[in-house]
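Visitor: fold the stuff below for me.
(2 chains)
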Amino acid sequence: MAISDIPEYAHLTDADVEALGAELDQIRADIEADRGARDARYIRNTILFQRSLEVAGRALTVGARDRRLWWAGATVLGVSKIIENMELGHNVMHGQWDWMNDPEVHSTSWEWDLTGPSAHWKHTHNYIHHKYTNVLGMDDDVGYGLLRVTRDQRWKPFNLGNIFYNTLLALGFEYGVAAQHLELGKKRKTPEAKAQFHQDLRDVGTKIAKQTHKDYFAYPVGIALLTRSKTAGRKALTANLTANVIRNVWSNAVIFCGHFPDGAEKFTKQDVDSETRGEWYLRQMLGSANFRSGPVLGFMSGNLSYQIEHHIFPDLPSNRLPEISVRVRALCAKYDIPYTTGSFPVQYAKTWRTIAKLSLPNQYLTGTVDDAPETASEKRFKETPEAHLVSTVDPVTGRRKGLKTAIVGLKERRASRRSPARA
Amino acid sequence: MAWRERFEAPAADVAARHKRSTWLRAAVARVTTPLLPDDYLHLANPLWSARELRGKVLEVRPETADSATIVIRPGWGFSFDYRPGQYIGIGVLVDGRWTWRSYSLTSVPAASRADRTVSITVKAMPEGFLSSHLVSGLEPGSVVRLAAPAGEFVLPDPLPEKMLFATAGSGLTPIISMLRAMRRRGQNADVTVVHSVPTEDDLLFGDELRSMAAEGLIDLHLQFTRVDGKVTPAQLRALCPDWAERETWACGPGGFLDMLGEQFEEAGVPESLHIERFALERGAVGAEGGVVTFGTPDRQIEVDGATTLLEAGEQAGVLMPFGCRMGICQSCVVMLDKGCVRDLRTGAEHVEGERIQTCVSAAAGDCTLDV
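Guide: I've put the predicted structure just below:
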C-alpha cells in the first residue's frame, strides 16, 4: 500500500513537521518580499522571446518547400510552443505572476496555445493535482486514468499496453491534457453533472477547433495563397504538425519526470483532508522528483526541473526556483529527507521503466506493494507492525538519522542478503 | 447576422473605433489564436494595442511643490468623447507591479480631440505611495495603462443659470476641467467658485482662476485656511447668499463635503448638491473586518478580520468561485472593486484594482468584490 502516515514515513514527529513547515513559510516570505522589477523584466523578456520565436518559426515555414527551411521552421515553432506552454502558460496559470497586477500576464486571463482550455487545466492541475498530489484515487495525474504507474492500481489485461499507451500519450499529449478534465471513464448520475459534462465537452471542442483550424487550415492555406504553391501549403501543414509533436513529446517527458521516477511516493486517501500545512508540504516533497538542469534545460522545462520546489510553492515565480532549491536541499539534509533528483535522461528512463514493469501483473515483479522502487509505504521500514518510526540523532556526528538514512540502510541490508559473501 | 457576430467574436472585447479594424483583427486572430494580433504588435510598440487602453507620458509639468500635471498620449482604442469632470483609471509600473488609481481629467475634451492627449493633475499625498511616484518619479516616455473615462460628476449640458463650485485642496481638479470647458465654449452662466487651500503656495491653477475671474467668467473666492481658517457654514452664506438656489458641485476632503451635505439637507435642497469624494488611497490602517459587498448592494455581509472573503460570500449565499481553499490553485481569484483586503498568510494589503484570492484574504475595512 502507498504511504498512509506521512510524518511517520518521513520519520518525523508532529513537532518536526511543524518546524519544517515554518522554515518553508519563511522561504516563501523571503521570496515574496524580494519580488520586484527584475522578476517582472524576466517574464516580459520571456514573452518577447517566445513570441519572436513564434513569428520567426512561422516566417520560416513560408519557405517550407526547401527542406532545410522546413526543418528550421518546424523546430523553431516547436521550441516556441514549448516555452509558451511551460515557462509561460503553466506558470502564469499558477498565479506565479499575479503579483504584478498585470491583466495580460495573469492567472485569470491567460489562454495557452494548446488544445486544452486554460480554465479546465486550472481545475484539474492547479486544484486537484496540486492539492491532492499523488493521492491515489484523487489525483488524476497518477496514471491519467490510462496508465498503470503504481502497484496500488490493480492489474488488468488492458495494462499490457502500458508502453503503447504512453507512446500515444506522448505524441498527442495536448489532446491528453484536453481530455483529462473530462474524466471520460466517470459515470455521471445527476442532471447537473451531465449538464456540466456537456458544457465542458463543448468548451474542449471549441478550443480544439480553433487550434486545429489555425495550425492545419488557416495558416497553411495562407501560405499556399502567399506563395501560390499547394506544395508550400502542404509543407507548412506538416511543419506545424511536427512542431506540435515536438512540443507534445517534450512536455510529456518533463511532466512525467515530476512524479513517476523512482523515489516519488504515492499516498492513500487516509488523513489527506485533515492534514496540517506541514504535512501537506511534506507530501509535496516526498511525492515529487527533480532532474538536474542548467539555465537552458531549466528554461525549456518551465523550471519544472525544480518540481519539488514548484510543488512546495506552486505560485512563486519560476525564475526563483533555482535559488529556492538551494534552501530546500539544505532543509532536506537537516531533516534527513531524501531529495529525489538525477540527470534528465536517467529520470525519464526510470519513468519508462516503471511503466514497462507495471504492464505486467505483480506476480512477475520483484518488490512488494510496500517496498518497490516506485511504490512504498511506511511498512518497508518496520521490523514489527507496532514499531513507531522516528528519527534518531547519531551520537558521533550529532546528525539526524531519519528517512534518508533508513532508505540507505534498507538498500545495504538488501544487498547483503543478496550476496552475503561480499558483505 | 449570426455569421458576422461569429466572425467578429475573437475581437469582440476590443475597444476598436472602426468596424474595419475589428474585421481585420478578427481575421488575423484566426492565425494568432488564442492571442490577438495586438499581443504581438504591442511588443514592437507598446501603444499598438487596443486590447487594453494604454498611453505614453509626454510631459510631467510641475504645478506646485507637490503636484504636477501629467500629459498622456493614449494609444489605440481610446475615445476622446469624455465629459468635463470625469476621471480616468491609470496604471503605473512601480517595482514590477502595476498600481492603479483614478484621477480627474484636467484636460478639455475638445482640446484633447485636437491634439490627441489627455491630462490629469495629481497632488502627492504623504501616505499616497502612487501619487508621490506620479508627481516626482514618473519619467516622460513611460507607458501607462488606462481605464476609460468614467464618473457622473460632470458639467451638465445645458448649463443651469446659476452654479456654485465649492472645492478644497485637490478637489479643484474635476472642477477646473469644467471651468476650462465653459471658457473654451464661451458659455455664460452665473458661476461662483469657493476654493480653499492651506496657503497660496498650495494653490493649483491660481493664475488661470484669477484670469477667469478677471474675464467675468466666475466669481472667485479663495480661502487660505492657514490664515483664514476653514470655510464655515456662516462664511459660505456670506460669500454666496443665494447658495441654496444654485446647482452646486463640490469636491474635497470628507469633512468639508459632510459640512456642505448638512447645509443643503437643512435647506431642503439636497438634490442640488453634487459631490465627488476622493477614494481612500489605502484602507484605514489596522482596520479589521468590515462590510463586504458582492457585486450588488443587496448582497452584503458584515464580517470580522479573521473570516476569509470566500467564507463570507458563502455565508451571504453568494455563489463564489472556489478551489483548494488553501491559497494554491487560484480558482477563487476575483477583482477587488473597492476597499482594502488583507492576505491572511502574509498580512499584505491589497487595494482596489487588484485581483485577490478570496480563500486566503479577509476584509480590512469595507470592500466590494466583483463576483
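
Visitor: in space, what's closest to residue 14 - neighbours in sequence excluded?
Guide: Went with chain A since none was named. A:P7 (6.4 Å; C-beta to C-beta, 6 or more residues apart in numbering or on different chains). Where you see a C-beta, it was placed from the backbone N, CA and C, and this is true even at glycine.

Visitor: please refer instead to chain B.
Guide: Among residues not flanking B:V14 along the chain, B:A50 sits closest, at 5.0 Å (C-beta to C-beta, 6+ apart).

Visitor: is it true that the residue nearest to A:D14 touches A:E18?
Guide: No. Judged on C-beta atoms under 8 Å, A:P7 makes no contact with A:E18 at a distance of 9.9 Å.

Visitor: just to revisit the earlier point, give the contact list for the residue nearest to B:V14.
Guide: B:14-16, B:21, B:25, B:38, B:75-77 (C-beta atoms under 8 Å, 6 or more residues apart in numbering or on different chains).

Visitor: so where's the chain uncertain?
Guide: In the absence of a named chain, chain A is used. Residues of chain A meeting the criterion pLDDT under 70: A:143-144, A:271, A:420-423.

Visitor: wrong one, I was asking about chain B
Guide: Counting by pLDDT under 70, the ranges of chain B that qualify are B:1, B:279-287.

Visitor: which of the three states applies to the residue positioned nearest the centre of it?
Guide: The residue lying closest to the centre of chain B (C-alpha atoms, centre = their mean) is B:S102, at 2.7 Å. Counting by DSSP: H, G, I helix; E, B strand; the rest coil, the backbone at B:S102 sits in strand.

Visitor: what helix or strand is B:G91 on?
Guide: Assigned by DSSP states H and E, B:G91 belongs to strand B:87-94.

Visitor: and that strand, which strands flank it?
Guide: strand B:97-104 (antiparallel), strand B:143-150 (antiparallel) (DSSP bridges).

Visitor: before we move on, back to that, verify the stated contact: the residue nearest to the centre of chain B with B:I88.
Guide: Yes. Between B:S102 and B:I88 there is a contact under C-beta under 8 Å: 6.9 Å.

Visitor: near chain B, which residues of the stretch 51-200 of chain A?
Guide: Contact residues, the stretch 51-200 of chain A versus chain B (C-beta under 8 Å from any C-beta of the partner chain): A:51-52, A:55, A:93-95, A:98-104, A:106-108, A:111-113, A:122-123, A:126-127, A:130-131.

Visitor: I only care about these that end up buried; give me the ChimeraX line for that.
Guide: In ChimeraX, this line selects whichever of those come out buried by 16 or more other C-beta atoms under 10 Å in any protein chain shown:
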select /A:51,55,93,94,95,98,99,100,101,102,103,104,106,107,108,112,113,122,123,126,127,130,131
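
Visitor: ranking the strands paired with strand B:87-94 by burial, who's on top?
Guide: Counting by mean count of other C-beta atoms under 10 Å in any protein chain shown, strand B:97-104 has the highest mean neighbour count of these, with a mean of 20.

Visitor: thought B:P62 was touching B:T121?
Guide: No. B:P62 is beyond contact range of B:T121, at 10.6 Å (criterion: C-beta under 8 Å).

Visitor: what is in contact with these two at once?
Guide: Common neighbours of B:P62 and B:T121 are listed as B:A68 (criterion: C-beta under 8 Å, 6+ apart).

Visitor: who has more neighbours, those two?
Guide: B:T121 (26 against 11; other C-beta atoms under 10 Å in any protein chain shown).

Visitor: what's across from the more buried one in the sheet?
Guide: As for beta bridges, B:T121 partners with B:T69 under DSSP bridges.

Visitor: next, work out how far apart it and A:A178 are.
Guide: 51 Å (C-beta to C-beta, to the nearest Å).

Visitor: ditto for A:T405
Guide: A:T405 is 44 Å from A:A178, where distance means C-beta to C-beta.

Visitor: cool, and B:P233?
Guide: According to C-beta to C-beta, B:P233 and A:A178 sit 68 Å apart.

Visitor: of the two, who's got more company?
Guide: Using other C-beta under 10 Å as the criterion, B:P233 and A:A178 rank with A:A178 on top: 22 against 13.

Visitor: which stretch of helix or strand covers the more buried one?
Guide: Assigning secondary structure by DSSP H and E places A:A178 in helix A:173-180.

Visitor: who touches that helix?
Guide: Here helix A:173-180 makes contact (C-beta under 8 Å, 6+ apart) with A:114-117, A:120-121, A:124, A:140, A:144-146, A:169, A:204, A:207-208, A:211, A:244, A:247-249, A:251-252.

Visitor: what about burial for those, which qualify?
Guide: So, by 16+ other C-beta under 10 Å, the buried ones in these are A:114-117, A:120-121, A:124, A:140, A:144, A:146, A:169, A:204, A:207-208, A:211, A:244, A:247-249, A:251-252.

Visitor: among these, name the ones in helices.
Guide: A:120-121, A:169, A:204, A:207-208, A:211, A:244, A:247-249, A:251-252 (DSSP state H).

Visitor: A:I337 and A:K401 touch, don't they?
Guide: No. Using C-beta under 8 Å, A:I337 makes no contact with A:K401, being 11.8 Å away.

Visitor: show me which of these two is the more surrounded one.
Guide: A count of neighbours by other C-beta under 10 Å puts A:I337 above the other of A:I337 and A:K401, at 22 against 16.

Visitor: got the phi and psi for that one?
Guide: The phi and psi torsions at A:I337 (degrees, to the nearest 10) take the values phi -110, psi 140.

Visitor: equivalent analysis for the one 3 residues further on, please.
Guide: A:T340 adopts backbone torsions of phi -80, psi 110, taken as degrees, to the nearest 10.

Visitor: burial measure for residue 17, as a count.
Guide: Assuming you mean chain A. Using other C-beta under 10 Å, A:V17 is surrounded by 22 other residues.

Visitor: think we crossed wires, I meant chain B
Guide: When counting by other C-beta under 10 Å, one arrives at 12 neighbours for B:R17.

Visitor: same check on A:Y42?
Guide: 17.

Visitor: so it sits against A:N319, correct?
Guide: Yes. Look at A:Y42 against A:N319 with C-beta under 8 Å: they come within range, at 4.8 Å.

Visitor: show me the contacts for the residue in chain B positioned nearest to chain A.
Guide: Chain A sits closest to B:G96 of chain B, with a gap of 3.1 Å, by C-beta to the nearest C-beta. Counting by C-beta under 8 Å, 6+ apart, B:G96 touches A:35-41, A:100.
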